[in-house]
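Novice: Next input, structure requested:
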Amino acid sequence: MKCSPTLLLVVTLHAGCNRCWTDVEAPCLESTTVTVTRVVDGDTFDVEPALVMPDGSTVDRVRLLCVDTPELSGGECYGTEAKDWLTERIEGRELTLFFSEECLGTYDRALAYAKLGGDLINVELARQGYALPMDEWFSDYPCCDEVDQAVQEAQADGAGGWGVCGGGYPWGG
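Specialist: Here you go, the predicted structure:
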């Protein structure tokens, strides 16, 4: 049986991607399924049930690991589009959160990778041109290399904010 090149490409992509979170040696929490109740911006959303942190506290706001999207406050270019994409994709849906060694980030948000179906949302945001790598804080985290690669693909393809907001930085920063 002869395989079609398209099928081969799909098999190759699915075999090698979206499993980077399994490289976390000691996650701060076990993976968990939640429902997204509200998208705050392009990389932050609220969930239920609330997540129970290792110290017993609860958190219902999640910040995606490895990505940085344009801010809504301050009017960064493509901030509304990033939020709209994420809202359309995950709001009201169940997704699975995976964690790294650190559970909490700035503003007491849980730090997580979010998987919906077969897609890792962190990487998809970057692939669609709505996010940059968050190298400043997360460069050593699993999945950040995949985000970097997705950003390169988006930039080469002119996807999302690339080429729309001016300059080499998608949102004119």
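Novice: Do me a favour and get the backbone dihedrals for residue 90.
Specialist: Backbone dihedrals for residue 90, given as degrees, to the nearest 10, come out at phi -120, psi -20.
Novice: show me what contacts the residue nearest to it when sequence neighbours are not counted?
Specialist: Excluding its sequence neighbours, the residue lying closest to residue 90 (Cβ to Cβ, 6 or more residues apart in numbering) is residue 36, at 4.7 Å. Yep, even glycine has a C-beta here, placed from its N, CA and C like the rest. Residue 36 makes contacts with 45-47, 90-93, 95, as judged by Cβ atoms under 8 Å, 6 or more residues apart in numbering.
Novice: Most neighbours out of the residues you listed, which is it?
Specialist: Within these, neighbour counts (other Cβ atoms under 10 Å) peak at residue 45, which reaches 27 neighbours.
Novice: ok, and the closest non-adjacent residue to that one?
Specialist: residue 39 (4.7 Å).
Novice: Check which residues of the helix or strand that residue 62 is a member of are buried.
Specialist: Element membership for residue 62 (DSSP states H and E) is strand 58-64. Applying a neighbour-count criterion of 16 or more other Cβ atoms under 10 Å, one finds 59-64 buried in strand 58-64.
Novice: what residue is smack in the middle of the protein?
Specialist: In the chain, the residue lying closest to the centroid (Cα atoms, centre = their mean) is residue 122, at 1.6 Å.
Novice: Confirm that one sits in a strand?
Specialist: No - residue assignment for residue 122, taken from DSSP: H, G, I helix; E, B strand; the rest coil, gives helix, which places it outside any strand.
Novice: how about low-confidence regions in the chain?
Specialist: The model of the chain has pLDDT under 70 over residues 1-19, 21, 135-140, 166-173.
Novice: Now with 90, please.
Specialist: 1-26, 71, 73-77, 101-102, 105-106, 118, 133-145, 158, 160-173 (pLDDT under 90).
Novice: mind listing the helices for it?
Specialist: 5-16, 79-90, 121-127, 135-138, 144-157 (DSSP state H).
Novice: beta partners for residue 64?
Specialist: Beta bridges link residue 64 to residue 112 when assigned by DSSP bridges.
Novice: Run through the residues that contact it.
Specialist: By Cβ under 8 Å, 6+ apart, the neighbours of residue 64 are 43-44, 112-114, 121-122, 125.
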